[in-house]
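In: Got a predicted structure here, sequence first:
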Amino acid sequence: MRVGIGYDVHAFGEGDHVVLGGVRIEHERGVLAHSDGDVLIHAVCDALLGALALGDIGHHFPPGDPEWKDADSRMMLRAVQAILQERGWRVNNVDSVVVCETPKLAPHIDRMRQLMSEDLRIPVEAVAVKATTSERLGFTGRKEGIAAQAVVSLAPRE
Ligand SMILES: Nc1ccn([C@@H]2O[C@H](COP(=O)(O)O)[C@@H](O)[C@H]2O)c(=O)n1
Ligand SMILES: C[C@@]1(CO)OP(=O)(O)OP(=O)(O)OC[C@H]1O
């Protein structure tokens, strides 16, 4: 068994939607990012890579690389899953939390779980996504950006 932790932040910027866990959510602002700025999937990718001490998302998908400009972060999640599989591991479970005052995430949580479980090839019951505000404190509380944290466990493939 291996465990990993991931954390990511994206600042709000111009735009009319955010993408979280692969779900497009209409919002008064977008996020600043090289890719689609899916802070939740980035945190999950970092947790998965961390579990095997394989560096971080920026190491595998360099922020300056045109290939990843505006990229769908689900491509990165599937690529990371393939790396784990090649090395003889499978994802056992994912837990995660997204921190932002807005948008309201509760209506979208089950879709995020579904999409990430498909990309990771595990049951939806093994993927948890939670949302919280930071009670108007700090950068998330001031609506300057979104943060996400993830913890994963991996098991050897039989
Ligand atoms: N962006 C968010 C933040 C929170 N929620 C949901 O609201 C509940 C209460 O949040 P608190 O920060 O006041 O504890 C939380 O448990 C989430 O279910 C949300 O949907 N979107
Ligand atoms: C996802 C990548 C892809 O270039 O860029 P961003 O979308 O800017 O996201 P971030 O979490 O800041 O950095 C990781 C990069 O790998």
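Out: Now that the structure is in, tell me what you want to look at. As the structure is a prediction and not an experimental result, all values here were calculated from the model. Ligands and ions are numbered 1, 2, ... in the order given.

In: Does the helix or strand of the chain with the lowest mean pLDDT reach ligand 2?
Out: One helix or strand of the chain scores below all others by mean pLDDT, DSSP states H and E: helix 57-60, with a mean of 95. Yes. Helix 57-60 lies within reach of ligand 2 by C-beta under 6 Å from any ligand atom, at 57, 58. Yep, even glycine has a C-beta here, placed from its N, CA and C like the rest.

In: State the next helix or strand along the chain beyond that helix.
Out: helix 73-86 (DSSP states H and E).

In: burial count for the residue nearest to residue 21 when sequence neighbours are not counted?
Out: Using C-beta to C-beta, 6 or more residues apart in numbering and skipping the chain neighbours, the partner closest in space to residue 21 is residue 112 (2.6 Å). Counted with other C-beta atoms under 10 Å, residues neighbouring residue 112 total 24.

In: Confirm residue 112 sits in a helix?
Out: Yes. Judged by DSSP: H, G, I helix; E, B strand; the rest coil, residue 112 forms part of a helix.

In: Isn't it up against residue 20?
Out: Yes. Judged on C-beta atoms under 8 Å, residue 112 makes contact with residue 20 at a distance of 6.3 Å.

In: overlap in contacts of these two?
Out: Residues touching both residue 112 and residue 20 (C-beta atoms under 8 Å, 6 or more residues apart in numbering): residue 40.

In: Contact residues of this structure facing ligand 2?
Out: Residues of the chain lying near ligand 2 (C-beta under 6 Å from any ligand atom): 8, 33, 34, 35, 37, 42, 57, 58, 61, 63, 68.

In: could I get these as JSON lines with neighbour count?
Out: JSON lines is the format used below for the residues of the chain next to ligand 2 (neighbours: other C-beta atoms under 10 Å):
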{"residue": "8", "neighbour count": "23"}
{"residue": "33", "neighbour count": "22"}
{"residue": "34", "neighbour count": "16"}
{"residue": "35", "neighbour count": "21"}
{"residue": "37", "neighbour count": "24"}
{"residue": "42", "neighbour count": "27"}
{"residue": "57", "neighbour count": "25"}
{"residue": "58", "neighbour count": "15"}
{"residue": "61", "neighbour count": "20"}
{"residue": "63", "neighbour count": "11"}
{"residue": "68", "neighbour count": "21"}
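
In: Spatially nearest residue to residue 51 (excluding sequence neighbours)?
Out: In space, residue 51 is closest to residue 4, 3.1 Å off (C-beta to C-beta, 6+ apart).
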